[in-house]
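Asks: Here is the input, now give the coordinates:
(chains A and B)
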Amino acid sequence: MDVLTNLLHGFASALTLQYLLLAALGVTLGTAIGVLPGIGPALTVALLLPLTYNFDPTGALIMFAGIYYGGMYGGSTTSILLNTPGESASVATTFEGFAMAKSGRGGAALATAAIGSFVAGTISTLLLTFVAPVIARLALLFQPADYFSLTVLAFMSVTALVGKSFLRGMVSLFIGLFIGLIGIDVLTGQPRLTFGLTELLDGIDVVVVAVGLFAVGEALYVASQMRHTKEEILPVKSRVGMTREEWRRSWPAWLRGTLIGFPFGALPAGGAEIPTFLSYTTEKRLSKNKAEWGHGAIEGVAGPEAANNAAFSGVLVPLLTLGLPTSATAAILLVAFQIYNLQPGPLLFQKSPELVWALIASLYIGNVMLLILNLPLIRIWIKILAIPRAVLYAGILVFGTLGVYSISNSFMDVMIMYAIGVLGFFMRRYGFPVGPTILGVILLPMAEAQFRRALSISQGDPSVFFTRPLSLGLLLAATAAVILPYIPALIARLRRKPVKVDRVVFGDGQED
Amino acid sequence: MTSGNDSKPAFSTRALFSLRAVALTVIILGGIILTQVSQIGTGAGFIVVGPRVFPTAIGIGILILGFLFLLRTTVVLDNDLVADVVSENATTDWTTTMLTLLSLVAYASLLHPLGYAIATAFFFPVIGRILGSTQLRRDIIVGVALGLVIYLAFTRVLGVRLPAGLLTGIL
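Replies: Predicted coordinates:
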């Protein structure tokens, strides 16, 4: 089996002292920053990007994988103890997690989150190991028309399935597409929408957009609501661990969460948001102790946390094999690849097998490290939560500015980032999800390039998107994603039952 | 159209006004994009899909979406959204928001002339104060430490360039 040989080679290089240290550093930094309320994995990776400019690519990516895992894990701590999810994928955890913490069972909630993340992370990395090479081979069959339809699917599923309003999601997406257009057109060398500013010729960096929307937008929003928010950190009185009964109830939830999380992460549907909510509702429906829900049912923490972690390995499948980032964090990881002139896609597995397999091996290692580091250190992480809000957001602004300024020491970049921050502030204020904006910025170049390539191959015949079975299938899936949320209401109406909601929603679309 | 669906019509009028302003901004953005399209050169040689196609499509898309959103704030009112905005408005503290933004702009403009370490040492306590911190001494210490540590770590260890400013030759 060449997968196993490759993986063993990967372990051989990932287990060198240097890479082990980088993985440990990544996991620790990721957790420490992820624990801070309001900072999720995407921002964590974006802020720490400048740290790795001097590393070799394998080392940098190993560290990033660690940061991502750590950031996700840290986010669950904040959700459980503070009821403040760092990103939308942790929202589902807050429901039962915070309730458990309130009833003095915070220790058990943290333990099931940590161990569940480990179980889910390991199983889904195993799935990634075997699925990714297969998809990479399949991906060689993808033609430009198929790639374009794939980006359409990604756009539609994120906008339609996430967020309260499809219309506002579409507005967000199109603003992202607009930002993605700015700069020189790669095919003809013509400047587009630069408004005469030479600084805009190179386009707007994804890091600038992400830090602007997530860090500055969030900080401005918090500033605007400063006088009206109070928060309490719940002390963890109990021991961090689980009773036999809690183990028994967590196991099946972890496994189900993993099985829900991985495929949803792998689909171009916006990462971990949908599967965490799906896992939450599944567990609630299957639970024998329905009365406990809302007062701290452990399955409601175990399932979504497992789904969250499994979705990350899932997200790596389209990222590594198709070069298609499906979440904000994946997009920043893509930037990290591009810094080293690596283009993820079907050829990555052939061109840089050492790097890919060392990265996959380091995912296994990162998972183990996270478990070893976190269970005993939970009390230290909790101390981070005690940092006063004012100091915390002052720090976020310093590091956000640093992250953008250090790219090229440009005052203009920082100003653009602040402007995008103001945009993010108003978007949050008026209920526009920021997830679709980021996705639009990231995927526009790919969508446009493949669209143009497809039409030049077909000599201008647009039917190419509908006659290729793969492309047609992807477009149909995109249509289904738009219609799907309305179906329950439609069925209810046909059966003449009262309609509760017009549209089913998954999460609030505030990924960061 | 501003039918009194709220117990406090004055608040809901304000919310409606701001939502319509948002819709108009989106429409104007669409218009700006479309006027800019004509300035995009088509480049030499024949290309099936030129550089203007996507900007045009996206400009039209934004224009249409802006009008649809305007409808949701007038004829087919989105009551949930209005209620959300009303409660946001009630708790918004504009002074803090504007001061935060102003100090950010000042920080960015001072990075080069003063140098990274000094600008950060000033910015941190100022923004901390704006955001409600009362411990000035602690914030000054943290600011100075952050500025120095980041500057030294980035320039000496990580090899990333940051401006030395006034401290050129000293640091």
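Asks: Would you mind listing where the chain has pLDDT under the threshold?
Replies: Looking at chain A here, since you left the chain open. For chain A, residues meeting the criterion pLDDT under 70 lie at A:1, A:86, A:227-234, A:236-238, A:269-271, A:498-512.
Asks: that's the wrong chain, I meant chain B
Replies: Within chain B, the stretches with pLDDT under 70 are B:1-10, B:44-45.
Asks: Mind splitting it into its structural domains?
Replies: With domains defined by automatic domain parsing, chain B comprises B:9-91, B:94-167.
Asks: So which of these is nearest A:Thr5?
Replies: domain B:94-167 (35.7 Å; CB to CB). Backbone N, C-alpha and C define where each C-beta goes, glycine included.
Asks: Indicate whether the closest one makes contact with chain A.
Replies: Yes: using CB under 8 Å from any CB of the partner chain, a contact is recorded between domain B:94-167 and chain A, made by B:94, B:96-97, B:99-101, B:104-105, B:107-109, B:111-112, B:120, B:123-124, B:127-133, B:139, B:142, B:146, B:150, B:154, B:158-163.
Asks: Close to chain B: what parts of the stretch 401-512 of chain A are there?
Replies: Near chain B, when you scan the stretch 401-512 of chain A using CB under 8 Å from any CB, you find A:401-402, A:405-406, A:409, A:411, A:414-415, A:418, A:421-422, A:425-426, A:429-431, A:444, A:448, A:451-452, A:455-456, A:459-460.
Asks: outside of the helix or strand hosting A:Leu47, which residues touch it?
Replies: Using DSSP states H and E, A:Leu47 sits within helix A:41-48. With contacts defined as CB atoms under 8 Å, 6 or more residues apart in numbering or on different chains, helix A:41-48 is touched by A:29-30, A:33-34, A:64, A:67-68, A:70-72, A:75, A:86-87, A:207, A:210-211, A:214-215, A:327-329, A:331-333, A:336, A:399-400, A:402-403, A:438, A:511-512.
Asks: quick one on the thing from earlier: narrow the residues of domain B:94-167 next to chain A to those in helices?
Replies: B:94, B:96-97, B:99-101, B:104-105, B:107-109, B:111-112, B:120, B:123-124, B:127-130, B:139, B:142, B:146, B:150 (DSSP state H).
Asks: Can you tell me which of those are buried?
Replies: B:96-97, B:99-101, B:104, B:107-108, B:111-112, B:120, B:123-124, B:127-130, B:139, B:142, B:146, B:150 (16 or more other CB atoms under 10 Å in any protein chain shown).
Asks: quick one, what contacts the nearest residue to B:Arg20 once chain neighbours are set aside?
Replies: Among residues not flanking B:Arg20 along the chain, B:Thr73 sits closest, at 4.9 Å (CB to CB, 6 or more residues apart in numbering or on different chains). By CB under 8 Å, 6+ apart, the contact list for B:Thr73 reads B:16, B:19-20, B:22-23, B:81.
Asks: on that earlier part again, now the helix holding A:Leu47: buried residues?
Replies: Neighbour counts over helix A:41-48 (16+ other CB under 10 Å) mark A:41-48 as buried.
Asks: Buried among the contacts of helix A:41-48? Make that a ChimeraX selection.
Replies: Per 16+ other CB under 10 Å, the buried members of the contacts of helix A:41-48 correspond to this ChimeraX selection:
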select /A:29,30,33,34,64,67,68,70,71,72,75,86,87,207,210,211,214,215,327,328,329,331,332,333,336,399,400,402,403,438,511,512
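Asks: that older thread, dump the domains of chain B to a markdown table, plus distance to A:Ala481.
Replies: Output for the domains of chain B, formatted as a markdown table (distance: least, CB to CB, whole Å):
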| stretch | distance to A:Ala481 |
| --- | --- |
| domain B:9-91 | 18 |
| domain B:94-167 | 36 |
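Asks: Determine which of the ones you listed approaches A:Phe11 most closely.
Replies: domain B:94-167 (28.3 Å).
Asks: End to end on that closest one, go ahead and measure it.
Replies: End-to-end span of domain B:94-167 (CA to CA, to the nearest Å): 36 Å.
Asks: from the chain's centre, how far out does that domain sit?
Replies: Here domain B:94-167 is found 19 Å from its chain centre; the criterion is CA atoms, centre = their mean, to the nearest Å.
Asks: before we move on, back to that, TSV for the contacts of B:Thr73, including neighbour count and distance to A:Leu278?
Replies: Listed next are the contacts of B:Thr73 as TSV, based on neighbours: other CB atoms under 10 Å in any protein chain shown; distance: CB to CB, whole Å:
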residue	neighbour count	distance to A:Leu278
B:Leu16	21	36
B:Leu19	22	32
B:Arg20	14	36
B:Val22	22	32
B:Ala23	21	33
B:Leu81	20	26
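Asks: Please give me every residue in contact with A:Glu305.
Replies: Taking CB under 8 Å, 6+ apart as the contact definition, A:Glu305 lies against A:76, A:93, A:112-113, A:116-117, A:120, A:257.
Asks: Over to A:Arg468?
Replies: Residues in contact with A:Arg468 (CB under 8 Å, 6+ apart) are A:143, A:145-146.
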